Structures are given as structure tokens and as C-alpha cells.
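*Asks:* make a model of this:
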Amino acid sequence: MLDSDFPVVAGEKAWAEWIVLAQERTEPVTGPVEVVDLSAGQAVSIVPDVATLVLRWRSGTPDWDRWLRPVRAVKLPPDTTLEIRGTGAERTLVAHGRAAHAGVGLSRGRNALVALAVAVHGHLPACGASDLLEYTFAAGRDSGGRGLGLPGPDPLWGPIDTNFGVVKHEANGWFGLHVNLRSPPALWGDALRAQLDAHAQAFAARRGAHFLSGGKFGYEPFVVPTDAPLVQRLLAAYARGTGRPGKPVVSGGGTYARRMANAIAFGMWFREDGVYPGHNSDERMPIRSLERGMHVLAETLGDLATSPPIAQPLGSASAPP
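*Replies:* Got it, this is the predicted structure:
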């Protein structure tokens with residue numbers, strides 16, 4: 001499957017979409033401003049490059065200059081900016097970041113929702129939208145999941161990739177926060193959900209917020225033994241095609257290899273080229289890497305096409321034909 005990395009992908013992390021719903025508060029709004037709307041992101045698996053917060057002055061003559069002064073003074077995360085628009089009683093705060101794939105390019109992204117949460121931290125009245133922004137500030141700034149109380153990186157599988165990807169109005173009128181997590185075999189599914197739900201409820205109790213949480217947690221990790229016959233054959237072909245040895249890698253992105261019998265992800269991205277540029281507006285591949293990849297594929301196809309079939313290509317992970 002040419003939908004991932006070289007040298008060969010022996011594991012794909014589990015995928016989850018965790019949703020936190022914030023109920024609107026019943027107590028009266030205090031302070032000079034109120035939240036009208038909050039939105040960010042287009043898809044949970046993409047780092048949001050824009051996040052928007054609409055505020056309204058509640059009564060009297062607006063004094064936006066004074067209210068916004070500390071917001072403008074906040075030091076934002078690197079490579080993010082804050083734009084303030086509007087006249088009269090309303091102001092729109094727009095945080096800008098950089099989109100990236102949450103599975104294989106997370107470090108390249110600059111999360112606009114996180115930037116917005118940093119900008120307004122401690123300045124908004126208590127409400128459903130501000131509860132989610134404060135939770136994003138507390139838990140979403142670490143893309144490795146440690147802000148959510150999750151374990152640190154696994155030696156082979158790496159961190160639990162965490163993307164606070166979308167905030168929007170839900171059908172029931174509540175605000176919803178959608179978080180994408182990609183995790184190793186040691187923590188996924190119901191066990192991961194239980195830890196996340198407990199973390200959110202503990203935060204809500206401290207803040208006086210009202211959270212409901214749930215989501216999709218059934219997308220299991222795909223694991224292939226590193227000593228499987230097909231893995232070793234592909235590594236040998238990679239070494240012949242590039243002139244150097246390689247080791248199996250793990251990917252946060254999911255491929256169709258997990259849906260097919262005896263399949264595995266193999267190329268075309270070389271990790272030494274830097275952060276994976278796929279699924280972005282500037283998706284591209286260097287010509288030299290395309291040529292190297294062709295040499296690897298020529299070695300691989302020549303080997304597999306002229307050799308007897310491999311018995312149990314993925315070892316104990318092989319699926320029946």
C-alpha cells in the first residue's frame with residue numbers, strides 16, 4: 001500500500017474521536033461581555049487553522065479598547081496570530097494557525113483553537129463556550145496527550161497524538177468539542193475513553209461546568225510483527241533500493257492495509273525529508289525522493305513477482321485469503 005512511509009509500516013495507531021458537550025449555564029452572565037458564537041476547524045483529523053469567537057458588549061457604551069487590551073498583550077503559541085474585527089457592540093476574534101494532518105503531520109500544524117484559548121484565558125464570562133475554551137487551554141496545548149493526563153510516549157509507538165480539532169454548535173444547542181486521538185495498543189478503545197471521560201468530569205467539577213462526553217472508540221490499532229516474513233522482505237528490498245538499511249516504523253495515520261488480507265503500508269514518504277506534507281494545501285514530494293521510491297519499488301516488485309508465494313506473510317497477523 002503506497003499510502004504511508006518507508007522503510008515499512010509495522011503498526012498503525014488506533015483512531016478515536018472524543019466529543020465533549022458543554023451545557024449552557026443557567027446562572028446569569030456577569031461582566032461587560034457575552035459570548036455569541038464559537039467555532040473552529042473543519043474535520044477532527046485536521047489541525048484547525050482558523051478559530052472564531054464572537055463577543056457582544058452587554059449594555060451601555062462599549063469600551064472595547066480597555067477590555068481587549070490584556071487579550072492583545074497575550075503571548076500566543078509560535079506561528080499563530082490573532083485578528084480582531086468588528087464595530088459597535090460586537091467584536092469577532094479570529095485566531096489563525098496552520099492546518100496539518102493529525103495522524104502523520106501533527107507537529108507541522110499550528111492549532112488555531114489552542115491559540116484562541118490562550119488569548120482569552122481568564123477573560124470570558126462563565127458559559128458553555130468559555131468552559132470549552134478553558135478546557136482547551138488546560139488540556140489541549142500538549143499534542144502528546146499529557147494535558148489530558150494520558151501516558152507519555154511509548155518507545156516504539158510514540159505519543160498518543162492528540163488534536164483538539166473542532167468546536168461547533170451541536171443539534172441540541174450545546175457547544176461540542178471534538179478531539180482526535182491516535183494511540184498505541186497499550187491504551188485504546190473503552191480504556192482510553194474511560195480515562196478521558198474522567199479527566200473531563202474532574203475539570204468540569206472544579207470549574208462548575210456541565211460536560212457530557214462520548215464519541216467513537218472502536219477503530220483498533222493495526223499491529224504486524226516486525227519479524228514477519230513480508231516485513232523482512234520489504235526491508236531487504238528497501239536496503240537494495242536505497243543502499244542503506246531501514247527499520248520498521250509506526251504511523252499515526254490509518255491506511256487501507258488494515259482492510260485487506262496480507263497487506264502492509266510501504267512508502268512512498270521518506271521520513272528524512274521532514275514532516276509529512278500530505279493532506280495539506282502544499283502537498284508535494286521531492287523529485288529525488290520520487291526517484292528513490294521508484295528504485296525501492298522496482299526491487300520489491302522484482303523480488304515478489306519472481307519468487308514463490310510467502311507463507312503467512314504477516315506471521316501471526318496474517319489474514320486468511
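
*Asks:* tally of neighbours for G173?
*Replies:* Residues lying near G173 (other CB atoms under 10 Å) number 9. Placement of C-beta: from N, CA and C, glycine included.

*Asks:* likewise for V296?
*Replies:* V296 has 23 neighbouring residues, counting by other CB under 10 Å.

*Asks:* swap in the one 10 residues further on?
*Replies:* In terms of burial, T306 registers 7 neighbours under the definition other CB under 10 Å.

*Asks:* wait, is R193 part of a helix?
*Replies:* Yes: R193 forms part of a helix when assessed by DSSP: H, G, I helix; E, B strand; the rest coil.

*Asks:* for it, give its distance to V8.
*Replies:* The span separating R193 from V8 equals 31 Å under the rule CB to CB, to the nearest Å.

*Asks:* so between these two, which is more surrounded?
*Replies:* Set side by side, R193 and V8 show more neighbours around V8, with 26 against 18, by other CB under 10 Å.

*Asks:* can you pull the pLDDT of the nearest residue in space to G88 that is not next to it in sequence?
*Replies:* Using CB to CB, 6 or more residues apart in numbering and skipping the chain neighbours, the partner closest in space to G88 is P62 (7.0 Å). At P62, the model reports a pLDDT of 96.

*Asks:* could you report the neighbour count for P62?
*Replies:* P62, neighbours per other CB under 10 Å, totals 19.

*Asks:* touching, it and L68? I think so.
*Replies:* No: contact criterion CB atoms under 8 Å: P62 and L68 do not qualify, at 10.3 Å.

*Asks:* just the element for P70, please.
*Replies:* helix 64-73 (DSSP states H and E).

*Asks:* just list what that helix packs against, helices and strands only.
*Replies:* When contacts are defined as 3 or more CB pairs under 8 Å, 6 or more residues apart in numbering; DSSP states H and E, helix 64-73 packs onto strand 81-85, strand 90-96.

*Asks:* just those: most buried one?
*Replies:* Mean neighbours per residue, mean count of other CB atoms under 10 Å, is largest over those for strand 90-96, with a mean of 19.

*Asks:* tell me the angle the helix or strand following it makes with strand 81-85.
*Replies:* Where DSSP H and E defines the elements, the next helix or strand beyond strand 90-96 is helix 112-120. Per axes from the mean of the first three to the mean of the last three CA atoms, to 10 degrees, the angle that helix 112-120 makes with strand 81-85 is 70 degrees.

*Asks:* the protein: helices as residue ranges?
*Replies:* For the chain, the helices defined by DSSP state H cover 64-73, 112-120, 128-139, 189-207, 229-242, 287-305.

*Asks:* single out the most deeply packed of the ones you listed.
*Replies:* Ranked by mean neighbour count, the helices of the chain are led by helix 112-120 with a mean of 27 (mean count of other CB under 10 Å).

*Asks:* and that one with helix 128-139, angle?
*Replies:* Calculated by the same axes, to 10 degrees, helix 112-120 forms an angle of 100 degrees with helix 128-139.

*Asks:* restricting to C-alpha, output helix 112-120 in PDB.
*Replies:* Written as PDB, here are the backbone C-alpha positions of helix 112-120 (Å, rounded to 0.1, in the frame of the first residue of the first chain):
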ATOM      1  CA  ALA A 112      -5.800  28.000  16.000                       C
ATOM      2  CA  LEU A 113      -8.300  26.800  18.600                       C
ATOM      3  CA  VAL A 114      -5.500  26.400  21.100                       C
ATOM      4  CA  ALA A 115      -4.200  29.900  20.200                       C
ATOM      5  CA  LEU A 116      -7.700  31.400  20.700                       C
ATOM      6  CA  ALA A 117      -8.000  29.600  24.100                       C
ATOM      7  CA  VAL A 118      -4.600  31.100  25.100                       C
ATOM      8  CA  ALA A 119      -5.600  34.600  24.000                       C
ATOM      9  CA  VAL A 120      -8.900  34.700  26.000                       C
END
